[in-house]
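Asker: Below are the sequence and a predicted model for it; my questions follow.
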Amino acid sequence: MENQAKYHVKERPYHGSYTTTGQGKRPKQYETSIIIFAYMAAALFGLFFFIGLYSFGKWVWTLIAGA
């Protein structure tokens, strides 16, 4: 009886080689907008932080001065 299971072994690339070269990476066209968005978000966060810090300081000063 003939062996029915034939194992064809050929060289296969590693997992990373199955994907195309650009897959899994963000496109170059978005890099500038992501940087601008990050700086704007940081500036807005800083603005809100200092407004809150000023308001809290004003509240503490009123609390101390009113006593």
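Answerer: Sure, I can see it. Numbering: from 1, shown residues only.
Asker: what number of residues lie near Thr62?
Answerer: By other CB atoms under 10 Å, 10 other residues sit near Thr62. Backbone N, C-alpha and C define where each C-beta goes, glycine included.
Asker: And it, its phi and psi?
Answerer: The phi/psi pair for Thr62 (degrees, to the nearest 10) reads phi -60, psi -40.
Asker: residue ranges with poor pLDDT in the protein?
Answerer: 1-27 (pLDDT under 70).
Asker: so where do the helices sit in it?
Answerer: For the chain, the helices defined by DSSP state H cover 31-66.
Asker: Check the gap between Tyr39 and Phe45 for me.
Answerer: Going from Tyr39 to Phe45 by CB to CB, to the nearest Å gives 11 Å.
Asker: what do you get for Gln29?
Answerer: Taking CB to CB, one finds Gln29 at 26 Å from Phe45.
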